[in-house]
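**Q** model the following, please.
(chains A and B)
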Amino acid sequence: MSDQFDPRIVAFVCNWCTYTAADNAGVGRMEQPPNVDIIRVMCSGRIEPAFILKAFALGADGVIVSGCHPPGDCHYSSGNFKTFRRMPLVEQLLAQFGIEKERFHWGWISGAEAVKWAQLTHEFTERIRALGPLNWSRQLEDKEGDGHL
Amino acid sequence: MAQNGKLKLGLYWAASCGGCEIAVVELREKILLLDEAAEILFWPVAMDFKVKDVEAMPDGHLDVCLFNGAIRTSENEHMAHLLRRKSKVLVAFGSCAYEGCIPGLANFFEKSAILRRVYLEVPTVENPEGIIPQPVTPVPEGEIEIPRFYNTVKTLGQVTDVDYFVPGCPPQPHQIWAVVEAILSGGLPPKGSVVGANEKTVCDECKRIREEKRIKKFYRYHEIIPDAERCLLEQGIICAGPATRGGCGALCPTVNQPCRGCYGPPPNVLDQGAALLSAVASVADADTEEEAARIVGEILDPAGTFYRFGLPASTLHRARM
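**A** From the prediction side, this is the model:
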């Protein structure tokens, strides 16, 4: 094992499109980094912003949200509309909390895009590796003693 | 209980504005009933007790302590620990003690930036020598110590064990009275409960007419004259009602002001800000990604708006240091 930083990445993916793509990528023996932990939900519209914040708070270095292509691919016809209404605001929110925008990716991968999924996991893992650890739990460590301006 | 059978009560304020104290006085004539039932042994804002009086009490001497205010300085934390020790029941009273409230918004900044702004940059401050208060200052007579200013505002529950939480900025008098009655009758729910509030959202108490929420543009409050009857969120005003615990009686929407979220998250909601973000963004009437990005992109300061009262208690607690 090398000493390089191994990021922990949480991917929230919808059951019908992106999870199928990830599954196909595995069945197709496509090489993928082991850093991405997939959490399958029924629809990307089910992914509450709180899930993303909790992932970061509990130690994720990066988070992926992926669902079915809009407008027409959603299994529930408009769940992905909720996703694209919320995620730009989540991006703004994370920026205000000082979390680099590169640590959060959201987008669409259909069941037929296994190659795209494999590519995303590679690219995203390398991107986070370059950024380094987020270590959110250290935020609450007491630092008040030092540096009183 | 005191020898005269009265409840031994303490009230304290840490990092707060004094509004919670006003809310207690807002009990009006009922404060006489409170005085009949309880002996107040500590209440710095209204009565002449000193910290040494509290230190002299045996542990667990106070039956109930209503503690308002967030933990901002080492003194706040010291008093939190002291009053925890001296009280049988410690109540985080009001939004600051419960979830951080407005003082908690400072968690979007670092201590150094706050002190620089307050003591050096504010236009009305005259400080040519650029003096910043220090925890210890040498003077001819010796050393003067002031409390340390923490980098992060914390809730009462983050520094000590809390028995009950009373939300609200400030808690509404009728709710305070309900809590007092519950204490006196021994009818308090299990430890750790939120008391003096409801189990549903502010929307549940709001009388406004709700139809369909399809928002093409979000407005800041001064940019629009809202219809007095219709749901404010439906009119494009960000109202925290859907993500806020009820109990106030929808006080703000009743007077044509959007709910700001001071009663904190409803039961089973982990993160009020994220829940409000979700509720607000979902009603954007956009069928394309570009349109959605434009509509929600116009919301100014989303983090400050969605976490106005609960940043320290939220999932992320503060902005990155």
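**Q** can I take it that residue A:66 is in a strand?
**A** Yes: assessed by DSSP: H, G, I helix; E, B strand; the rest coil, residue A:66 belongs to a strand.
**Q** okay, and the beta partners of it?
**A** residue A:13, residue A:107 (DSSP bridges).
**Q** can you pull out the helices in the stretch 101-250 of chain B?
**A** B:111-116, B:156-159, B:173-185, B:202-205 (DSSP state H, counting those that start in this stretch).
**Q** also chain A?
**A** A:18-27, A:49-57, A:79-96, A:114-131 (DSSP state H).
**Q** can you redo the ones you listed as TSV with distance to residue B:128, mean neighbour count and mean pLDDT?
**A** Any C-beta I mention is one placed from the backbone N, CA and C, and that applies to glycine too. TSV is the format used below for the helices of chain A (distance: least, CB to CB, whole Å; neighbours: other CB atoms under 10 Å in any protein chain shown; pLDDT from 0 to 100):
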stretch	distance to residue B:128	mean neighbour count	mean pLDDT
helix A:18-27	61	20	95
helix A:49-57	43	22	96
helix A:79-96	34	23	95
helix A:114-131	43	18	96
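**Q** burial check on residue A:9, number of neighbours?
**A** 25 (other CB atoms under 10 Å in any protein chain shown).
**Q** that one reaches residue A:64, doesn't it?
**A** Yes: with contact defined as CB atoms under 8 Å, residue A:9 counts as touching residue A:64 (6.6 Å).
**Q** between those two, what contacts are shared?
**A** Counting by CB atoms under 8 Å, 6 or more residues apart in numbering or on different chains, the residues touching both residue A:9 and residue A:64 are A:36, A:124.
**Q** how much space is there between the closest residue to residue B:37 other than its chain neighbours and chain A?
**A** Spatial nearest neighbour of residue B:37, chain neighbours left out: residue B:184 (5.5 Å); criterion: CB to CB, 6 or more residues apart in numbering or on different chains. Note on residue B:184: its distance to chain A, by CB to the nearest CB, to the nearest Å, is 37 Å.
**Q** correct me, but residue B:184 touches residue B:36?
**A** No: when contacts are counted by CB under 8 Å, residue B:184 is not listed as touching residue B:36 (10.3 Å).
**Q** which of these two has more residues huddled nearby?
**A** residue B:184 (15 against 9).
**Q** show the contacting residues for that one.
**A** Counting by CB under 8 Å, 6+ apart, residue B:184 touches B:7, B:37, B:38.
**Q** try 10 Å
**A** B:7, B:33, B:34, B:37, B:38, B:63, B:64 (CB atoms under 10 Å, 6 or more residues apart in numbering or on different chains).
**Q** buried subset of the residues you listed as a PyMOL selection?
**A** To isolate the buried ones among the contacts of residue B:184 in PyMOL, judged by 16 or more other CB atoms under 10 Å in any protein chain shown, type:
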select buried, chain B and resi 7+34+38+63+64
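**Q** residue in the stretch 1-150 of chain B with the shortest distance to chain A?
**A** residue B:150 (4.0 Å; CB to the nearest CB).
**Q** then the stretch 201-321 of chain B?
**A** Closest contact between the stretch 201-321 of chain B and chain A, by CB to the nearest CB, is at residue B:320 (3.1 Å).
**Q** tell me how many other residues crowd the residue of chain A found nearest chain B.
**A** Residue nearest to chain B within chain A: residue A:98 (3.1 Å; CB to the nearest CB). By other CB under 10 Å, 14 other residues sit near residue A:98.
**Q** so the closest residue to it other than its chain neighbours is in which element?
**A** Computed as CB to CB, 6+ apart, the closest residue to residue A:98 that is not its neighbour in sequence is residue B:320, at 3.1 Å. Using DSSP states H and E, residue B:320 sits in no helix or strand.
**Q** next up, the contacts around residue B:320.
**A** When contacts are counted by CB under 10 Å, 6+ apart, residue B:320 touches A:56, A:94, A:96-100, A:134-136, A:138-139, B:110.
**Q** out of those, which comes closest to residue B:161?
**A** residue A:139 (22.4 Å; CB to CB).
**Q** my guess is that closest one meets residue B:152, correct?
**A** Yes: if you go by CB atoms under 10 Å, residue A:139 and residue B:152 touch, sitting 7.9 Å apart.
**Q** neighbour count for those two, which is higher?
**A** residue B:152 (25 against 20).
**Q** the more buried one and chain A: what is the separation?
**A** In terms of CB to the nearest CB, residue B:152 sits 7 Å off from chain A.
**Q** what kind of secondary structure is the closest residue to that residue other than its chain neighbours in?
**A** Of all residues not flanking residue B:152 in the chain, residue B:318 sits nearest, at 5.3 Å (CB to CB, 6+ apart). Assigned with three-state DSSP, residue B:318 falls in the coil class.
**Q** spatially central residue for chain A, please.
**A** residue A:64 (1.4 Å; CA atoms, centre = their mean).
**Q** quickly note the distance from the residue nearest to residue A:98 to residue B:113.
**A** Counting by CB to CB, to the nearest Å, the gap from residue B:320 to residue B:113 is 13 Å.
**Q** with residue B:67 instead?
**A** In terms of CB to CB, residue B:67 sits 28 Å off from residue B:113.
**Q** for residue A:44, same thing?
**A** Residue A:44 is 37 Å from residue B:113, by CB to CB.
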